[in-house]
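**Q** got a sequence here, can you model it:
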Amino acid sequence: MVREAGGRSAERTRARTSRSTGRATRFGFLGAVALWKEDGEVRLSTRRARTVMARLLLSPGQLVSMDALVDGLYGERPVKSARNQIHRGVGELRQQGVLIVEQDGSYLLSTPTEVIDAWRFKSLTESARTAAHPRDKVRLLQEALKVWRGPALAGLDSQVFRAAAEEWEERRLTAIQERFGADLALGNHNDLIPEIRRLTSEHPMREHFSWQLMTACYRAGRTGEAIAAFTRLREELAEQLGIDPSPELRHLYEQILRQEPVPTEDAPVPRQLPPRPLKITGRSWELERIRTALERGSRTVAITGASGSGKTTLALEAAHGSAELFPDGQLYNTEPDDVLPGMLRALGDTRVPKRQDEQNGRLRTLLASRRILIVVENVAGAAQVRSFLPACRECALIVTSRSSLSSLREAVQITLGGLSVDDAWALLADGVGAHRLAAEPEATHRVIELCDGLPLAVDIIAAKLAARPHWDIATLAARLEDPGRILSELRHDDLDIRAALDSGYLSLSPEARTLLRKIGYSGKQDVSVQDASCLEKISPAEAEWRIEALVDARMLTVSGMESGGRFTYHCPPMVLAHSRERALTEDQITELDAAVSRVLTGMEDSTGRH
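**A** All right, here's what the predicted structure looks like:
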């Protein structure tokens, strides 16, 4: 049952609060805990009343348990009368007209959040972050900071209040940083220097204040003071923590020494990379090549390979390993259609143009004076990459694609195939145990072969065998050899080879998909141009064009050459099984049977047997 002094229900209490008392009464804890009415501040004479009100203010509109209120008043050593003290504190607040709802021993402060100083501060800072102009941002942040009367929750020292005070102090300092950034964007360099210098002295470990002080001094023509600020910080960090300033600060310092332009606004530093892979097996040569290329100033790295070949893992490992080369941040995107708008938003542009050419120009402007690494996954082709290729030499781009990006002549090309047998064995052993593989070496080799050495497929097998210690590897190999079961076997928890193959299949042209489905239905792992010509009833030249499209998409590989000079091609077991599934779902059986019949007839014709 929910009740409130006087027997009113919680619902009626809230309604009455919003109509009257909520507008006349205000609360605060950004400073000492305070209560104001229309005729001025109401003095709360007891510590228990101040503590109860403070704890309720930290969770407005939420029930706060008796235990939480006791913790706020006494910490870890409550007295025997603690609960009675809380009841008395609640009573004292109610005598002052504070509306408190009780439910099953818990309490709720029934008041709109806008009459609490901390939540008004929070609302104003959130509005400032979406402001269209730095001038509006400065105005809103100044209004927000005026709400503060002193240290948050001053005079309350239990653990819960110390933690809350630290959280709100962090928000205050962040708001000050953002206000300085907006003022710098407006060109108020000279006026800001004394205030930023004071904050830098009070919070020497907060490096962004030093960044802003250096920027303000440099733009005000006081280069010596900017360099001195960096020197002081470097000495302080070395003495107190034994570390150097951040890459962002070191980069700014180098720009100042070289008398280069510095960013015109306090731009956000994007850190969008997903977590670093826990482990990567068998790609040391590729990683070293990417690292070397980025260190030498290459602008673009293109990683291509079949679905499941580990493109994402390699890209993320390379990006994390090279992050220190790009102190202005890292951008990451898996949706190529949203690359330009997404990057603009991440760089602080809240008004993204609608036209792509304008987006291109805006992005290049924002990147012009920065060193940023961009990682974009699943690009469709070289033309798409060129639309967001950075113009400056200080930035770099890593892209992944299933399709060939060979026409990007400026890119360092990394093509991923399956892992070597040794590397695939090591990846399996890491999940299953080397002793288990050593007991069945032939079956293990067969499993690796059926997985085509693809890291995703090998990972799935390792996870499945680890979860089923009673399985022998030979049994699993036999299951993988069954075309009707291989895709189902290559699925475990959230790992699924079928999903990866679906994605690659859907990226193909309609003509390439049609041919691939017929190859899958035919069950032919080794395919010639003549086979493709018969399957589709098209000329050998057209068949060769479609097959090469499948090679570019890593669905087929070149396996040899016929006597007539044309290549032959191989379709991996997983792709073959997936293509057959798609054929049975999307095509008429009569059409598929007719296609296979044409291939058989073509073979007979070529040998003279009818």
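**Q** what's the host helix or strand of Val339 in contact with?
**A** Element membership of Val339 [criterion: DSSP states H and E] is helix 339-346. Residues outside helix 339-346 that contact it (Cβ atoms under 8 Å, 6 or more residues apart in numbering): 268, 270, 272, 331, 333, 335, 352, 356, 359-360, 362-363, 366, 374, 376, 387-388. Backbone N, C-alpha and C define where each C-beta goes, glycine included.
**Q** narrow these to those that are buried.
**A** Pro270, Gln272, Leu331, Asn333, Gln359, Asn360, Arg362, Leu363, Leu366, Ile374, Val376, Phe388 (16 or more other Cβ atoms under 10 Å).
**Q** from the residues you listed, which ones fall inside helices?
**A** Among the buried ones among the contacts of helix 339-346, DSSP state H puts Gln359, Asn360, Arg362, Leu363, Leu366 in helices.
**Q** would you list every one of the strands in the stretch 201-350 of the chain?
**A** Assigned by DSSP state E, counting those that start in this stretch, the strands in the stretch 201-350 of the chain fall at 300-305, 330-333.
**Q** can you redo these as TSV with mean pLDDT and distance to Ala549?
**A** TSV is the format used below for the strands of the stretch 201-350 of the chain (pLDDT from 0 to 100; distance: least, Cβ to Cβ, whole Å):
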stretch	mean pLDDT	distance to Ala549
strand 300-305	95	14
strand 330-333	92	26
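**Q** please identify the deepest-packed of these.
**A** Mean neighbours per residue, mean count of other Cβ atoms under 10 Å, is largest over the strands of the stretch 201-350 of the chain for strand 300-305, with a mean of 24.
**Q** what about the helices in the stretch 251-400 of the chain?
**A** Ranges of helices in the stretch 251-400 of the chain, per DSSP state H, counting those that start in this stretch, are 284-295, 311-321, 339-346, 356-367, 382-387.
**Q** export the third one to CSV, keeping only CA atoms.
**A** Put plainly, it is helix 339-346. Only the C-alpha atoms of helix 339-346 are listed here, as CSV (Å, rounded to 0.1, in the frame of the first residue of the first chain):
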residue,chain,number,x,y,z
VAL,A,339,30.1,6.5,-43.4
LEU,A,340,30.2,10.2,-44.2
PRO,A,341,27.3,11.4,-41.9
GLY,A,342,28.5,9.1,-39.1
MET,A,343,32.1,10.5,-39.3
LEU,A,344,30.9,14.1,-39.4
ARG,A,345,28.7,13.5,-36.3
ALA,A,346,31.6,11.8,-34.5
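**Q** quick one: buried residues of the helix ranked longest in the chain?
**A** The longest helix of the chain (DSSP H) is helix 159-185. Judged by neighbour count using 16+ other Cβ under 10 Å, the buried positions of helix 159-185 are 160-161, 164-165, 168, 171-173, 175-185.
**Q** tell me the mean pLDDT over it?
**A** In this model, helix 159-185 has a mean pLDDT of 91.
**Q** so how far is it off the chain centroid?
**A** Centre-to-centre, helix 159-185 and its host chain are 24 Å apart (Cα atoms, centre = their mean, to the nearest Å).
**Q** show me what that helix is packed against.
**A** Under the contact definition 3 or more Cβ pairs under 8 Å, 6 or more residues apart in numbering; DSSP states H and E, helix 159-185 sits against helix 66-74, helix 117-129, helix 134-145, helix 189-202, helix 207-219.
**Q** among those, where is the model least confident on average?
**A** helix 66-74 (a mean of 83).
**Q** from memory Ala318 sits against Leu287, does it?
**A** Yes: with contact defined as Cβ atoms under 8 Å, Ala318 reaches Leu287; the gap is 5.8 Å.
**Q** among the two, which residue is more densely surrounded?
**A** Ala318 (26 against 16; other Cβ atoms under 10 Å).
**Q** what residue ranges in the stretch 251-400 of the chain score low on pLDDT?
**A** For the stretch 251-400 of the chain, the stretches flagged by pLDDT under 70 are 261, 263-268, 336, 348-351, 369.
**Q** could you rerun that using 90?
**A** Residues of the stretch 251-400 of the chain meeting the criterion pLDDT under 90: 251-252, 255, 258-271, 278-279, 296-299, 307, 324, 326-329, 334-371, 380-394.
**Q** what about Ala144, neighbour count?
**A** Neighbour count for Ala144, taken as other Cβ under 10 Å: 24.
**Q** make that Leu63, sorry
**A** Other residues within reach of Leu63, judged by other Cβ under 10 Å, total 18.
**Q** for it, which non-adjacent residue is closest in space?
**A** Spatial nearest neighbour of Leu63, excluding adjacent residues (Cβ to Cβ, 6 or more residues apart in numbering): Ser106 at 4.1 Å.
**Q** bridged to that neighbour, which residues?
**A** Gln103 (DSSP bridges).
**Q** what sits against it?
**A** Counting by Cβ under 8 Å, 6+ apart, Ser106 makes contact with Leu63, Val64, Ser65, Met66.
**Q** roughly how far apart are it and Ala68?
**A** 8 Å (Cβ to Cβ, to the nearest Å).
**Q** and Val527, its phi and psi?
**A** phi -120, psi 140 (degrees, to the nearest 10).
**Q** check whether it really touches Leu550, as I assumed.
**A** No: assessed by Cβ under 8 Å, Val527 is found out of contact with Leu550, at 9.1 Å.
**Q** anything in contact with each of those two?
**A** Shared contacts of Val527 and Leu550 (Cβ under 8 Å, 6+ apart): Leu556, Tyr569.
**Q** give me the pLDDT for the residue nearest to Tyr521 when sequence neighbours are not counted.
**A** In space, not counting the residues next to it along the chain, Tyr521 is nearest to Ala583; the distance is 4.2 Å by Cβ to Cβ, 6+ apart. On pLDDT, Ala583 comes in at 96.
**Q** now swap in Met205 and tell me
**A** What the model reports as pLDDT for Met205 is 89.
**Q** go ahead and confirm it touches Ile243.
**A** No: contact criterion Cβ under 8 Å: Met205 and Ile243 do not qualify, at 10.2 Å.
**Q** so Leu476 is in which element?
**A** Applying DSSP H and E, one finds Leu476 within helix 473-481.
**Q** quick check: buried residues in that helix?
**A** Ile473, Leu476, Ala477, Arg479, Leu480.
**Q** got a list of what the second one touches?
**A** Leu476 is in contact with Ala443, Val447, Ile461, Lys464, Leu465, Glu489, counting by Cβ under 8 Å, 6+ apart.
**Q** next, format the residues you listed as TSV and append distance to Ala396 and neighbour count.
**A** TSV is the format used below for those (distance: Cβ to Cβ, whole Å; neighbours: other Cβ atoms under 10 Å):
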residue	distance to Ala396	neighbour count
Ala443	44	17
Val447	38	27
Ile461	35	28
Lys464	38	19
Leu465	39	22
Glu489	40	20
